[in-house]
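[1] Using only what follows, build the 3D model:
(chains A and B)
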Amino acid sequence: SQQGEEDPQALSIQEGENATMNCSYKTSINNLQWYRQNSGRGLVHLILIRSNEREKHSGRLRVTLDTSKKSSSLLITASRAADTASYFCATEISGYSTLTFGKGTMLLVSP
Amino acid sequence: EAQVTQNPRYLITVTGKKLTVTCSQNMNHEYMSWYRQDPGLGLRQIYYSMNVEVTDKGDVPEGYKVSRKEKRNFPLILESPSPNQTSLYFCASRSGGAGQETQYFGPGTRLLVL
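    The predicted structure is shown next:
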């Protein structure tokens, strides 16, 4: 069953602009993770935010979590062409359990 | 280098011909899982394993089998593949420890069943 749903499905921006992707989920979570996938390749972990955290940063990435709205956002600042990829949110309902992925946002960053 | 490996990377087969996709990790992770990825559906979990000899069904287990005889290996078995199992398959692993929730993914196996 799909727990996380990303929005938008696709996003096209110019280099240097910021990209924001959103994720909504249905049930209470232990943590929420964001992954990146370059076309047809394996997923790479970007950042994890726990249910008791509201915001995390990693380089040009900023993730927020609003547990009252059951939503998260991923902001990529000063985007680069190399950021072109699909981005997935994944939720873990309790520690030691499985990850449930959304369908992803396809980001295209044009030079 | 810490990694998850899958073999083969690409496979074309015919309906009904049994196949196995291997997955191996060198990080001594307890937890391993298999996902399939299809256009418009994202990643869906097939099976997972919390440790050796402990496996459980994910969201889409029909038509698949797994085994976990050793900690490092988690093969995915298709006893009688069908065309609807044409997909991109990923193996993943993670540590079982608290605060170790990051999953590490293999490079993927692209399967075509004719």
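
[2] low-confidence ranges in chain B?
    B:96-99 (pLDDT under 70).

[3] Let me fix that, I meant to ask about chain A.
    Filtered on pLDDT under 70, chain A yields the residue ranges A:1-3, A:95-97.

[4] Near chain B, which residues of it are found?
    By C-beta under 8 Å from any C-beta of the partner chain, the residues of chain A that approach chain B are A:1-2, A:30-31, A:33, A:35, A:40-45, A:48, A:88, A:90, A:92, A:95-96, A:98-104. Backbone N, C-alpha and C define where each C-beta goes, glycine included.

[5] Keep only those of these that are in strands.
    Members of those lying in strands (criterion: DSSP state E): A:31, A:33, A:35, A:43-45, A:48, A:88, A:90, A:92, A:99-101.

[6] Most widely separated two among the residues you listed?
    Spatial extent of these (C-beta to C-beta) is set by the pair A:V44 and A:T100 at 18.1 Å.

[7] So which of those two has more stuff around it?
    For A:V44 versus A:T100, neighbours defined as other C-beta atoms under 10 Å in any protein chain shown are more numerous around A:T100 (24 against 13).

[8] partners of the more buried one in the sheet?
    A:T91 (DSSP bridges).

[9] Hmm, A:A90 and it touching each other?
    Yes - with contacts counted by C-beta atoms under 8 Å, A:T100 reaches A:A90, the gap being 6.4 Å.

[10] does the closest residue to A:E17 other than its chain neighbours count as helix, strand or coil?
    Nearest residue to A:E17, sequence neighbours excluded (C-beta to C-beta, 6 or more residues apart in numbering or on different chains): A:S79, at 5.7 Å. Per DSSP: H, G, I helix; E, B strand; the rest coil, the secondary structure class of A:S79 is coil.
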